[in-house]
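Colleague: Turn this into a structure:
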Amino acid sequence: ESDKGYPYAFIRYYHLKSASAAKKYLNEEVLHDRCMKIGYGKGCQTNTVMAMEIDRSCPESKVEAEFGKFGELVRMTYNQTLGSALCTYGDTESAQQAIENMRGRCLGRTGRVKVDFANHEE
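Modeller: Numbering: from 1, shown residues only. Now for the predicted structure:
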């Protein structure tokens, strides 16, 4: 609870898609006679970027080439089945540039990529 006695919670989702769905379906729903307000918290800046909703037809080489434009990619893990990638850069500035430039871009034939900083344990 906050100083004013209003209950609150911070929930961290592993996938951006899940967080987006929670906001879409739970915002303004009533819980214990109170209207829920769902929003996004500010992520901590790291050198790792999580990318979701990459078109599943997009080959790994294309994903690596696109994300590699912003700095040294130390490591990239791409799950083509899920359409997600985890890109670790040599520094946080490169990760920031990747987020700024890749957010909302089409990568493949359909959909817009969702990107954000990822914690190293993800």
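Colleague: Next, the contact list for residue 44, please.
Modeller: By C-beta atoms under 8 Å, 6 or more residues apart in numbering, the residues touching residue 44 are 117, 119. Where C-beta positions appear, they are placed from N, C-alpha and C, glycine not excepted.
Colleague: Tell me the spacing between it and residue 95.
Modeller: Going from residue 44 to residue 95 by C-beta to C-beta, to the nearest Å gives 11 Å.
Colleague: Common neighbours of the two, please.
Modeller: Residues touching both residue 44 and residue 95 (C-beta under 8 Å, 6+ apart): residue 117.
Colleague: hmm, who's touching the helix-or-strand element of the chain with minimal mean pLDDT?
Modeller: Lowest mean confidence among the helices and strands of the chain (mean pLDDT, DSSP states H and E): helix 16-26, at a mean of 81. For helix 16-26, contacts defined as C-beta under 8 Å, 6+ apart pick out 11, 13, 36, 38-40, 50, 52-53, 114, 116.
Colleague: Can you tell me which of those end up in strands?
Modeller: Applying DSSP state E to these, the entries found in strands are 50, 52, 114, 116.
Colleague: what sits against the third one?
Modeller: By that I understand residue 114. Going by C-beta under 8 Å, 6+ apart, residue 114 touches 16-17, 20, 51-53, 103.
Colleague: Bridged to it, which residues?
Modeller: As for beta bridges, residue 114 partners with residue 52 under DSSP bridges.
Colleague: pLDDT wise, what is it at?
Modeller: At residue 114, the pLDDT value in this model is 90.
Colleague: roughly how far apart are it and residue 58?
Modeller: Per C-beta to C-beta, residue 114 is found 14 Å from residue 58.
Colleague: related to what we said a few turns ago, so which of the contacts of residue 114 is surrounded by the most neighbours?
Modeller: Using other C-beta atoms under 10 Å as the neighbour criterion, residue 51 leads these with 27 neighbours.
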